[in-house]
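1. Predicted model, plus sequence, below.
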Amino acid sequence: MALLAVLFHRFCQLILFLTVFLALSLFSILIIRGMPSLNLSFIMDPMANAGLSGGVRYQILGSLMLILSAAIFATPVALSFCYCFQNIPQFRKPLITVLYALNSVPSIVLGFLAFLLFAVYLNWGKSWLAGGLILAIMVTPSLSFFLIDGLRALPSTYSETAKSLGLSADDRWWKLYVPLLVKPYLTGLFLSLGRAAGETAPILFVASVFYGATLPSGIKDNPVLSLPYHIFQLSQEAYQPEALDRLWSSALLIVLIVLVLQAPYYYFFWNRNRKGSKHAKLKLTR
Amino acid sequence: MQNSNSPVKTCCLHPEGRIGTSLKIKRLIASTLPKRVLNLSHLEFPARSLTSIVGRSGIGKSTFLRVINRLLEEDPQWTIEVDIEFLGTPIHSPKLSKEMLRKCIGLILQEPCVFPFSVKRNLLFGIRSAQKLSKSEESCLVEKLLQNVGLWDEVNNRLSENAEHLSVGQKQRLCIARSLALNPEILLMDEPTSSLDPDTTLKIEELIQSLSKERCIILVTHDREQISRLKGRVLEFYRDNLSAGTIAREWKEKTLKVNRTAEFTKESQSFIST
């Protein structure tokens, strides 16, 4: 038994070492290959010559636009789910089931369904708004889980105390829970958006093109450029050295954007044991 | 009677101020299947009085407090049948909403529960949901409440600090002040000194005694020495028959209180010597 325990301990250490080694190797390769072409003009200039020269200005702006619209659409929906979870107990089980189910739908399937709805049925063509909406649908379950986890982490005495002070359910929601859910909301939002920023499949169907778009001026037939789609297209032309350099730089750039978006999560995670931040405890799962 | 200088006008529903009976319990049955926990009847709690409730653990003292301010009826595991009058109005009367009743009947928990907000925000948490106050009224109220509970000198320069950083005793006094902000008719206290050191316990006891001069205090306690220190009547919760639920009897004589304390002290001494 003791030998088994030692072997298991060593096995865990080995797995941990391999994981850290793999992650460091990936980041090292990205930095070594991506850094030489990653400069200010690459970030600020628009694309030229089918991606073989110029920069990725509109790809960055397009990606940020999709992320921002996803955040705007996902926030009220996730908050409503959280409100229902708190105030309608009989709604809890169905809600959690629906969120798990939604979370497990592959992004390519969501993209296809969004294509049928927005491009075919509503006749929007490719539209940034459709991209934002489909990313919001992807982001909503994880954001809701973060909010619900944040709510569950609050001591039950908070609710009892607020009730005993005569606060109605709505007062408790707005004056107690919402202020305490700001940290879980921000961490959940940025973590989910970080993941959404790298999603290619859904926006490939409904929102993004490789060239010919700048900033949208309307909704219908107003696609945007995006970094994930840009990387996908450049990888198809990887036999050309210019394309390969830009592919690495774009990949490094998107990883950096995702890391920046996830920074608040790491900040709250590493600081969660500080005095006075009990309520910000979040689970690492999901 | 309400202090005319106070901006707070939430409670004190009695037309003639705080006189007569604040709470009349005609019948109170609380059951959690399959057992009946409380079976009380004919209890009256006068205005401006202190009633201490004693009884062994699990007898239903805390349950009693939660039934009074209608916290327990939201728990589906409990069946509550009550005929209770608060200032002559049944607590389930449509005239008296659950929220209004809770504003008028404050509850102090065993473990002080402060929200992770500033001291000032904690203090005004309840009153802000009840009525709008100007900034000057708020400042005036904060100072008055903190002085009432003897906390002003300790925290007057820490009002914007997180209340979780206060000591346990300070937190408990803050909780009392937060309830007092609503000017409640009745203050229910569920072992408010159980987690406090002796000095802080004495401070809170003094506060309880002074508060009982202006409102009805119902105090649940395990500390029999505390009962002998506090003036006021004592109710003992006990069970004659396990299936019939907890009933209450009053300790009529002050001497009885002292005797019971002496018995308790003897028991403690014999326990220590063995």
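-> It's in. Small disclaimer: the values here were computed from a predicted structure and weren't measured. Numbering: from 1, shown residues only, chains lettered A, B, ... in the order given.
2. For B:S179, give me the pLDDT.
-> Predicted confidence (pLDDT) for B:S179: 93.
3. tell me which parts of chain B are close to chain A?
-> By CB under 8 Å from any CB of the partner chain, the residues of chain B that approach chain A are B:69, B:71, B:74, B:99-104, B:106-107, B:109, B:111, B:113, B:115-117, B:125-126, B:128-130, B:162, B:164-165, B:175, B:178-179, B:182. Just so you know, the C-beta spots here come from the backbone N, C-alpha and C atoms, and that holds for glycine as well.
4. wait, doesn't A:L151 sit right on A:Y83?
-> No - proximity of A:L151 to A:Y83 does not meet the contact threshold set by CB atoms under 8 Å, at 9.6 Å.
5. just the strands in the chain please.
-> Defaulting to chain A. Secondary structure of chain A by DSSP state E: the strands cover A:47-48, A:53-54.
6. my question was about chain B
-> Going by DSSP E, chain B shows strands at B:21-32, B:35-46, B:50-54, B:78-86, B:89-90, B:105-108, B:186-190, B:216-220, B:233-238, B:247-251.
7. Mind putting the ones you listed into CSV with mean neighbour count and mean pLDDT?
-> Formatted as CSV, the strands of chain B follow (neighbours: other CB atoms under 10 Å in any protein chain shown; pLDDT from 0 to 100):
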stretch, mean neighbour count, mean pLDDT
strand B:21-32, 19, 89
strand B:35-46, 17, 89
strand B:50-54, 23, 92
strand B:78-86, 17, 91
strand B:89-90, 14, 90
strand B:105-108, 26, 92
strand B:186-190, 24, 93
strand B:216-220, 25, 93
strand B:233-238, 18, 90
strand B:247-251, 16, 85
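8. would you turn those into JSON lines with distance to A:L189?
-> Listed next are the strands of chain B as JSON lines, based on distance: least, CB to CB, whole Å:
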{"stretch": "strand B:21-32", "distance to A:L189": "41"}
{"stretch": "strand B:35-46", "distance to A:L189": "45"}
{"stretch": "strand B:50-54", "distance to A:L189": "48"}
{"stretch": "strand B:78-86", "distance to A:L189": "39"}
{"stretch": "strand B:89-90", "distance to A:L189": "47"}
{"stretch": "strand B:105-108", "distance to A:L189": "36"}
{"stretch": "strand B:186-190", "distance to A:L189": "39"}
{"stretch": "strand B:216-220", "distance to A:L189": "44"}
{"stretch": "strand B:233-238", "distance to A:L189": "50"}
{"stretch": "strand B:247-251", "distance to A:L189": "53"}
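9. Go through these and name the closest to B:E154.
-> Counting by CB to CB, B:E154 lies closest to strand B:105-108 out of these; the figure is 18.7 Å.
10. what's the closest one in contact with?
-> Here strand B:105-108 makes contact (CB atoms under 8 Å, 6 or more residues apart in numbering or on different chains) with A:161, A:164-165, B:65-66, B:68-69, B:71, B:86, B:172, B:175-176, B:179-180, B:182, B:184-190, B:192.
11. From those residues, list the buried ones, please.
-> Buried by 16 or more other CB atoms under 10 Å in any protein chain shown: A:161, A:164-165, B:65-66, B:68-69, B:71, B:86, B:172, B:175-176, B:179-180, B:182, B:184-190, B:192, out of the contacts of strand B:105-108.
12. Need the pLDDT of the residue nearest to A:L191 when sequence neighbours are not counted.
-> Excluding the flanking residues, the one nearest A:L191 by CB to CB, 6 or more residues apart in numbering or on different chains is A:Y265, at 4.5 Å. Looking at A:Y265, its pLDDT stands at 74.
13. Just give the number of residues close to A:Y265.
-> 20 (other CB atoms under 10 Å in any protein chain shown).
14. Pull up the gap between it and chain B, please.
-> A:Y265 sits 20 Å away from chain B, going by CB to the nearest CB, to the nearest Å.
15. Likewise for A:A251?
-> Taking CB to the nearest CB as the measure, A:A251 falls 41 Å from chain B.
16. wait, that residue sits on A:I31?
-> No - in this structure, A:A251 is not within contact of A:I31 by CB under 8 Å, at 10.5 Å.
17. of the two, who's got more company?
-> Remark: of A:A251 and A:I31, A:A251 carries more neighbours, 21 against 14, as counted by other CB under 10 Å.
18. What values do phi and psi take at B:P94?
-> phi -60, psi -20 (degrees, to the nearest 10).
19. Could you check how far the closest residue to A:E237 other than its chain neighbours is from chain B?
-> What sits nearest to A:E237 in space, not counting adjacent residues and going by CB to CB, 6+ apart, is A:A243, at 4.4 Å. Counting by CB to the nearest CB, the gap from A:A243 to chain B is 52 Å.
20. Could you check the pLDDT of A:G276?
-> Reported pLDDT at A:G276 in the predicted model: 43.
21. er, B:T265 actually
-> 54.
22. What of B:G17?
-> Model confidence at B:G17, given as pLDDT, is 60.
23. ok so, going back, right, and the strands of chain A - which one's nearest A:Y211?
-> The nearest among those, by CB to CB, is strand A:47-48 at 6.5 Å.
24. Quick one: mean pLDDT over that closest one.
-> pLDDT averaged over strand A:47-48 gives 80.
25. which outside residues touch that strand?
-> Contacts for strand A:47-48 (CB under 8 Å, 6+ apart): A:G54, A:G55, A:V56, A:R57, A:Y58, A:Q59, A:Y211, A:L225, A:H230.
26. residues in contact with the closest residue to B:N39 other than its chain neighbours?
-> Closest residue to B:N39 apart from its sequence neighbours, by CB to CB, 6+ apart: B:G245 at 3.3 Å. The contact partners of B:G245, by CB under 8 Å, 6+ apart, come to B:I29, B:A30, B:S31, B:K35, B:R36, B:V37, B:L38, B:N39, B:G60, B:R239.
27. what bits of the chain have low per-residue confidence?
-> Chain wasn't specified; assuming chain A. The model of chain A has pLDDT under 70 over residues A:51, A:272-286.
28. my bad, chain B
-> Along chain B, the model assigns pLDDT under 70 to residues B:1-18, B:253-274.
29. sorry, back to before: so which of the strands of chain A gets nearest A:S142?
-> Using CB to CB, the strands of chain A put strand A:47-48 closest to A:S142, at 31.3 Å.
30. now that closest one: how far from the chain's centre is it?
-> A distance of 27 Å separates the centroid of the chain from that of strand A:47-48, by CA atoms, centre = their mean, to the nearest Å.
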